[in-house]
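>>> Attaching a predicted model along with its sequence, questions to come.
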Amino acid sequence: MSRWLFKSEPSTWSWDDQVAKGDAGEEWDGVRNYQARNVMREMKVGDLGFFYHSQDQKAVVGIVEVIAASHPDSTTDDERWDCVDIKAVRPLPQPVTLAEIKADPRLSDMALVRQARLSVQPVTDAEWAAICAMGGLDEAP
DNA sequence: GCCAACGTTGGC
DNA sequence: GCCAACGTTGGC
């Protein structure tokens, strides 16, 4: 099972918005970037990901699960763009900030650090475990 | 609010 | 196919 990271501006789509959707989840639509789209095409149902708030908060705030594999983005007729559906699983007891991530040598290769503008990213198992621990989870899900 | 990074578009 | 111009994102 693979791990991912989804970046969102909270003013557009926040963790609270995601939680409010419950188990029904929501399309991660609106991505118009080939690299991010290609990342989503690799996702499988049951994969987990981090939910990251860009802009003001700049922190990983929660964990989401992929509940539908890549399919056409319903917000456009342009067939180039696909997206997955995700649902909120649980918040991190303590958000992990970008500053903490940048300060941790284990996380220096993360796309979050290397490619700030990529909105959907892969996360390695080691990075996943490290951030879960930093976020206050006893055990990485 | 500014600016660096970087992706996209369009003219040639 | 190249590259300049332009637009957007996101950190500071």
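Yep, that arrived.
>>> Tally up the residues packed near whichever residue of chain A sits closest to DNA strand C, please.
Residue of chain A nearest DNA strand C, by CB to the nearest atom of the strand: A:Ser54 (3.9 Å). In this view, the C-beta of every residue, glycine as well, is placed from N, C-alpha and C. The number of residues packed near A:Ser54 is 18, by other CB atoms under 10 Å.
>>> Next, the contact list for it, please.
A:Lys7, A:Ser8, A:Glu9, A:Pro10 (CB atoms under 8 Å, 6 or more residues apart in numbering).
>>> Let me know the pLDDT of the third one.
It stands for A:Glu9. Confidence at A:Glu9, expressed as pLDDT, is 93.
>>> Let me know whether it touches A:Lys58 as I believe.
No - in this structure, A:Glu9 is not within contact of A:Lys58 by CB atoms under 8 Å, at 10.8 Å.
>>> Any part of the longest helix seen in chain A near DNA strand C?
For chain A, the helix that runs over the most residues, judged by DSSP state H, is helix A:125-134. No - judged by CB under 7 Å from any atom of the strand, helix A:125-134 makes no contact with DNA strand C; its nearest approach is 14.4 Å.
>>> could I get the contacts of A:Ser54 as TSV with distance to DNA strand B?
Formatted as TSV, these follow (distance: CB to the nearest atom of the strand, whole Å):
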residue	distance to DNA strand B
A:Lys7	14
A:Ser8	17
A:Glu9	12
A:Pro10	14
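>>> Pull the most distant pair out of those.
Greatest spacing in the contacts of A:Ser54, by CB to CB: A:Lys7 and A:Pro10 (10.6 Å).
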